[in-house]
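**Q** this one's structure only:
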């Protein structure tokens with residue numbers, strides 16, 4: 001990872017991100033009156049865009065680059081959205097973020113939208129941070145373990161952060177389960193210092 005500001009580590013949703021997410025959710029609710037599948041379509045588009053941001057370091061650099069002017073950001077972002085097949089509503093959101101010089105908040109807005117939508121649907125969200133992308137078997141195993149621990153209707157929000165070296169970190173509600181190699185090494189280091 002080149003720098004913390006463009007890493008694909010867990011976004012930190014803010015009040016600003018929540019406001020953009022709420023506005024998009026309100027738009028989706030309005031559209032549902034004429035298009036019943038609008039909310040699911042918009043959510044899928046935003047998840048797809050977030051996955052693109054998470055998995056494509058070039059796109060992350062582009063989103064985080066403060067040197068680009070609005071016109072350059074808009075041209076570049078819309079070209080990426082066109083190739084990815086992202087719908088009009090999410091394109092408009094990106095356009096507003098670019099116009100307001102807040103394109104770097106895109107991952108925070110996507111995370112906030114997912115969290116708000118999951119809460120509305122009665123789902124619990126679990127932020128899962130791993131050093132490498134999860135496969136389907138691992139997703140199923142994590143969901144099963146969380147269900148065994150008493151969490152139902154869990155939706156995983158996955159993040160890749162190579163700095164944890166291996167293992168995983170799961171945050172669900174106020175609980176944090178840190179089984180990363182980085183944390184294990186830190187605990188070992190503290191134990192060795194205490195023994196000396």
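**A** Structure's in. What do you need? None of these values were measured; they are calculated from a predicted model.
**Q** in stretch 16-23, which residues are buried?
**A** In terms of neighbour count (16 or more other CB atoms under 10 Å), stretch 16-23 has its buried residues at 17-18, 20-21. Backbone N, C-alpha and C define where each C-beta goes, glycine included.
**Q** again with stretch 68-77
**A** Under the neighbour-count criterion of 16+ other CB under 10 Å, stretch 68-77 has 68, 73-74, 76-77 buried.
**Q** state whether residue 170 is indeed within a strand.
**A** Yes: under DSSP: H, G, I helix; E, B strand; the rest coil, residue 170 sits within a strand.
**Q** coming back round to it: among the buried residues of stretch 68-77, name the ones in strands.
**A** Judged by DSSP state E, those include no members of strands.
**Q** go through stretch 86-103 and flag the buried ones.
**A** For stretch 86-103, using 16+ other CB under 10 Å, the buried residues are 86, 89-91, 93-95, 97-98, 103.
**Q** farthest pair in these?
**A** Farthest pair in the buried residues of stretch 86-103 (CB to CB) is 89 and 103. Separation: 16.6 Å.
**Q** state the helix or strand in which the residue lying closest to residue 120 once chain neighbours are set aside lies.
**A** Excluding its sequence neighbours, the residue lying closest to residue 120 (CB to CB, 6 or more residues apart in numbering) is residue 25, at 7.9 Å. For residue 25, the element it lies in under DSSP states H and E is helix 15-32.
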